[in-house]
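J.: What shape does this take:
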Amino acid sequence: MQIALFQPDIPQNTGTILRLCACLGMDAHIIEPAGFPVSDRLFRRAGMDYLDHVRLTRHVSWAAFEDWRSGQGHRLLLFTTKAATDYRDFHYHSSDILLFGRESAGVTDAVVEAADARLVIPIKAGLRSLNVAMSVAMAAGEALRQIRNPQGVTD
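T.: A predicted model of the protein is given here:
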């Protein structure tokens, strides 16, 4: 199970997500351009000393990420408020990549089209969205619960 962030623009969220990946043993991918340098103080503060423990790959562009992914054969699962499939009803595989868009703008149409599935975390009507770091934690928790539960869905 891996986490990918499409052009993240809030350093504190990215640092928090990478800390989560380190703690859960999940690989992480940042699809550039990010809205901040890796040396950003807020990014380093949110990630704390956990950043040295995450397996992080930075991809210079969406095209570079897609070239890498197609070569690996990983499914791409896009989490978006514009999806109809509830993330809790989806059947995950251990090789899946959970993709989350830019906090300020989401993802491009090309990213939406490339996704093997589009998933939503349902929220109360009238509210826009959850914080991306919270969304990643919820999605990773459900996906890991499924693939690690011997009674649940597995590859």
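J.: quick one: Phe65 and His59 touch, right?
T.: Yes. Phe65 lies in contact with His59 (CB atoms under 8 Å); the separation is 3.9 Å. (C-beta placed from N, C-alpha, C; glycine too.)
J.: out of those two, which sits in the busier spot?
T.: Phe65 (24 against 18; other CB atoms under 10 Å).
J.: Keeping just the C-alphas, turn the helix or strand hosting the more buried one into CSV.
T.: Element membership for Phe65 (DSSP states H and E) is helix 62-72. Presented in CSV, the C-alpha positions along helix 62-72 are these (Å, rounded to 0.1, in the frame of the first residue of the first chain):
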residue,chain,number,x,y,z
TRP,A,62,2.5,13.7,-13.5
ALA,A,63,3.9,12.1,-16.7
ALA,A,64,6.9,10.8,-14.8
PHE,A,65,4.8,9.3,-12.1
GLU,A,66,2.5,7.7,-14.6
ASP,A,67,5.4,6.2,-16.5
TRP,A,68,6.8,4.7,-13.2
ARG,A,69,3.3,3.4,-12.2
SER,A,70,2.5,1.8,-15.5
GLY,A,71,5.8,0.0,-15.4
GLN,A,72,5.0,-1.3,-11.9
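J.: And that helix, what does it pack against?
T.: When contacts are defined as 3 or more CB pairs under 8 Å, 6 or more residues apart in numbering; DSSP states H and E, helix 62-72 sits against strand 27-31, strand 56-59, helix 109-114.
J.: run the last query once more with 6 Å
T.: Judged by 3 or more CB pairs under 6 Å, 6 or more residues apart in numbering; DSSP states H and E, helix 62-72 is in contact with no other helix or strand.
J.: Tell me the helices and strands packed up against the following helix or strand past that helix.
T.: With elements assigned by DSSP H and E, the helix or strand that comes after helix 62-72 is strand 76-79. Helices and strands touching strand 76-79, by 3+ CB pairs under 6 Å, 6+ apart, are strand 97-100, strand 117-120.
J.: and if we set it to 8 Å?
T.: Partner elements for strand 76-79 (3+ CB pairs under 8 Å, 6+ apart): strand 97-100, helix 109-114, strand 117-120.
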